[in-house]
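Novice: Below is the structure, and that's it, no one-letter string:
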């Protein structure tokens, strides 16, 4: 759901209350269901209880958490690397490293990505903290929403952050392109007198999305997850039923003592005619095969529809090379889509931050940043090294080193290789000079012996009497 407000219309208290009401409805009827699924609170636990004489197992297999954590680890298990254009100043690279380190941005990125996986979207907010540094924090859709204009470009107009205090009173803030205002909802909106200029060139927040439709990764498979939980719970009920099946005895009359003796000693012995005697257990129709087929089919479809690989499957680990890539193809497609959306959000992040005077950067320096996403795939270093070796002389050194998963920073690795080559060249030159000096000393000694002179005197002659006659 997008909240839209025409560009020529101001955000009044009435409009803001309408948006807050719509946001509350979306949280109650959609986001809470997704959050409960991730936290293993499924419909199976809220169904009407069965009669006391019937087994009533409630089992939930948390496919939602599995798919989210698996895909999030695949997408951002390796932190995002940021490189800077060659013609950019070192100040840009140093500031980005300082900014990310100051805000623990690797962790922020991972949490923001997980929020998008669960809810289909998430938010990032920017501010200047009490130390005068730019801060970055992430928010879930429960905590905030963005208001856009009604143009084709969907420009950000307002960012609304909400929270409820210990007295269940709603508080919030509204940020536009210039300032931040705070309010409290007590029957009506009560605005604080203080307003603050935030210093960013635009609304100081970014909405990150999982995809254009803003659907979470397991949302298309939710009905199948509920069906799976119901099927496996009924399967457990059947196991309990067969464990406590009723015994029927026809052709003999038993008193209480006989029944207790059979139950305790598990021995059946009757004097009656065996032809008329029937002893067995009551059984209901066995649907084990049907249940197993349903459970297997649902499990397979859940992973197919969510497009996340079941890496726990016993056959998955035996695959390698191109077979492994084919099994991960669906997840790779999702990751590529999310990578483009995440790149768009990060462009807005640094564009806003660089526009703030506190950063000390030029407003257009953000275009010199480039983001590199590395899927977290098990790698065969030997195979990668062979591929990299075969690329020698065909591609650039940067592309060649980019094949190796063990190289975290390609440009840094190139710099270290160049430094090592320079050191080797210096050692080679020093070694050659040392050999030349030794050869010269040997020649001087041989000349002195042939002419009956001291080597020092010969050396002084060579230097044109430039040194004293001592051995030094």
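Specialist: Yes, it's here. Given the structure is predicted, the values throughout are model-derived calculations rather than measurements.
Novice: When you work out contacts or count neighbours from here on, use the C-alpha atoms and nothing else.
Specialist: Will do.
Novice: Looking at this protein, which helix is longest?
Specialist: As assigned by DSSP state H, the longest helix anywhere in the chain is helix 410-451.
Novice: Sort out which residues of the helix or strand following it are buried, please.
Specialist: Toward the C-terminal end, the helix or strand that comes next after helix 410-451 (DSSP states H and E) is helix 455-462. For helix 455-462, burial by neighbour count (16 or more other CA atoms under 10 Å) applies to 455-459.
Novice: was I right about residue 195 contacting residue 180?
Specialist: Yes: between residue 195 and residue 180 a contact is recorded at 5.8 Å, counting by CA atoms under 8 Å.
Novice: Let me know how buried residue 147 is, in neighbour terms.
Specialist: 21 (other CA atoms under 10 Å).
Novice: tell me the contacts of the residue most central in space within the chain?
Specialist: Against the mean C-alpha coordinate of the chain, by CA atoms, centre = their mean, the closest residue is residue 72 at 3.3 Å. By CA atoms under 8 Å, 6 or more residues apart in numbering, residue 72 lies in contact with 110, 113-114, 117.
Novice: Which single one of those residues is nearest to residue 3?
Specialist: Taking CA to CA as the measure, residue 3 sits nearest to residue 117 out of the contacts of residue 72, at 20.8 Å.
Novice: Tell me who's in contact with that closest one.
Specialist: Residue 117 neighbours (CA under 8 Å, 6+ apart): 68, 72, 210, 216-218.
Novice: And the strands in this structure, which stretches?
Specialist: 3-4, 81-84, 121-128, 134-139, 144-148, 156-164, 170-175, 179-186, 188-197, 205-209, 247-250, 278-281, 369-372 (DSSP state E).
Novice: hey, which of those strands is tucked in deepest?
Specialist: Of all those, strand 205-209 has the most neighbours on average by mean count of other CA atoms under 10 Å, namely a mean of 24.
Novice: Where do the domain boundaries of this structure fall?
Specialist: With automatic domain parsing serving as the domain definition, the record reports that the chain contains domains spanning 3-218+335-359, 417-462.
Novice: Out of the ones you listed, which gets the lowest mean score?
Specialist: Ranked by mean pLDDT, these bottom out at domain 417-462, which scores a mean of 75.
Novice: Show me what the longest helix of the chain is packed up against.
Specialist: For helix 410-451, the elements it packs on are helix 397-402, helix 455-462, judged by 3 or more CA pairs under 8 Å, 6 or more residues apart in numbering; DSSP states H and E.
Novice: Make TSV out of those and add distance to residue 437.
Specialist: What follows is the helices and strands packed on helix 410-451, written out as TSV (distance: least, CA to CA, whole Å):
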stretch	distance to residue 437
helix 397-402	38
helix 455-462	12
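Novice: gap between residue 183 and residue 172?
Specialist: Between residue 183 and residue 172 the distance is 5 Å, computed by CA to CA, to the nearest Å.
Novice: now residue 371
Specialist: In terms of CA to CA, residue 371 sits 33 Å off from residue 172.
Novice: so which of the buried residues of helix 455-462 comes closest to residue 355?
Specialist: Looking across the buried residues of helix 455-462 and measuring by CA to CA, the closest to residue 355 is residue 459, at 69.6 Å.
Novice: What sits closest to that closest one if chain neighbours are left out?
Specialist: residue 444 (6.9 Å; CA to CA, 6 or more residues apart in numbering).
Novice: Kindly tell me how buried residue 424 is, as a neighbour count.
Specialist: Around residue 424 there are 12 residues (other CA under 10 Å).
Novice: what sits against it?
Specialist: By CA under 8 Å, 6+ apart, residue 424 has no neighbours at all.
Novice: how many other residues sit next to residue 440?
Specialist: 12.
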